[in-house]
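In: A predicted structure for the sequence below; I have some questions about it.
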Amino acid sequence: MSSSLFLKRLALLAGSIVMLLYVLAPVAWLLSSSLQREADITSIPPHWIPHPPTLSSFKAIVAASTGTTSDDGNAAFVPSTAQYLLPALRNSLEVAAAVVLLNLLVSVPAAYAMAKIRYIGRDLSVYFMLATRVIPDIALVVPFFLFVRKLGLLDSVGSLIITYLAITVPFSVFMLLSYFESLPDELDKAARVDGCSRIQVLLKVFLPLAVPSLVAVIMFTFLSSWNEFLFALMFTQTAASQTVPIIVASFTSDFTTSFSFINAAGVVAIVPPVIIAVVFERYIVSGLTAGAVKG
């Protein structure tokens, strides 16, 4: 191995390690601080490794949600809105699951139709659909608010489901459209010759081939719905409909802020996305690059 090649590989390794540390350091501190007491987190210098580790913050989350009292030393730092964290977790799961399901029901047939059915105005409809994602979300708050209020859905998870669908469907259609276009038209024609209807072609031919792209859409839709803050803040006012980002943000509005409790809540909030990422890990990379290369 030449010295120049060795130096290039060494530089690449060093750069990869630096980038890995840059990405993982906040996650490592989140996990570490969630297992520390408040006095340990605020100490100078801070402790990267808990000594000893404690589950007091997680116990406080359960205690606050069940209405019981905690005899732990961190009880004085528990925010007043802590009792709403687990209900908010349920709301986030309901919203994300509903948006994922409805998104697939809408975007999959739409993408297939745009990719395999030639009709007047097809290209214009694709450009118009993508143009909707150029508009920043802050500019859509007032129109969405008026629309949701007219439907009588303010302060309900239904308002978030409708809003998130409007946000995620255009990009989901674009992702699936690119993948369906990369599949040969002969598959569609052969299935039609064999007597399959359009729905049968989609369900029996294209969907089994589009699993990686579908997983990418599921991940994108779930994370977008799970992490969204602006619309959830505007359209929900009570704990009955508020989601995890809103409740966690409210923890900082108290006179006493518990960093250990906030970080423990952050760990709880990242568990569902991590589980989904682990379950679909084998499809994620191939799904994100699906349709990128044709021919």
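Out: Yep, that arrived. Numbering: from 1, shown residues only.
In: Can you list the low-confidence ranges for the stretch 101-250 of the chain?
Out: Applying pLDDT under 70 to the stretch 101-250 of the chain flags no residue at all.
In: How about residue 205, nearest residue that isn't a chain neighbour?
Out: Sequence neighbours aside, residue 191 is the residue nearest to residue 205 in space, at 5.0 Å (criterion: C-beta to C-beta, 6 or more residues apart in numbering). For glycine as for every other residue, the C-beta is placed from the backbone atoms N, C-alpha and C.
In: oh sorry, the question was meant for residue 100
Out: The shortest distance from residue 100 to any residue that is not its chain neighbour, by C-beta to C-beta, 6+ apart, is 4.9 Å, and that residue is residue 221.
In: Thought residue 172 was touching that neighbour, still the case?
Out: Yes: under the criterion of C-beta atoms under 8 Å, residue 221 is in contact with residue 172, at a separation of 6.3 Å.
In: Report the contact partners of the residue positioned nearest the centre of the chain.
Out: Centre of the chain computed as the mean C-alpha position; nearest residue by C-alpha atoms, centre = their mean is residue 223, 0.6 Å away. Contacts here follow C-beta atoms under 8 Å, 6 or more residues apart in numbering; on that basis residue 223 touches residue 273.
In: Would you map out the domains in the chain?
Out: Under the assignment named as automatic domain parsing, the residue ranges that make up the domains of the chain are 3-77, 83-288.
In: which one of the ones you listed has the most crowded surroundings?
Out: Most buried of the domains of the chain by mean neighbour count (mean count of other C-beta atoms under 10 Å) is domain 83-288; its value is a mean of 17.
In: Check the offset of that one from the chain's centre.
Out: Taking the mean of its C-alpha atoms, domain 83-288 sits 8 Å from the chain's own mean (C-alpha atoms, centre = their mean, to the nearest Å).
In: what's the answer for stretch 9-17, then?
Out: In terms of C-alpha atoms, centre = their mean, the centre of stretch 9-17 is set 30 Å apart from its chain centre.
In: I figured residue 48 hits residue 25, correct?
Out: No: taking contact to mean C-beta under 8 Å, the distance of 9.5 Å between residue 48 and residue 25 leaves them out of contact.
In: after the helix or strand hosting residue 109, next one along is what?
Out: Assigning secondary structure by DSSP states H and E places residue 109 in helix 85-116. On the C-terminal side of helix 85-116, the nearest following helix or strand under DSSP H and E is helix 122-131.
In: Residue 86 and residue 58 touch, don't they?
Out: No: between residue 86 and residue 58 there is no contact, the gap being 11.4 Å when judged by C-beta under 8 Å.
In: thinking again about what came up before, now do the residue nearest to residue 205 against residue 203, distance only.
Out: As defined by C-beta to C-beta, to the nearest Å, residue 191 lies at a distance of 10 Å from residue 203.
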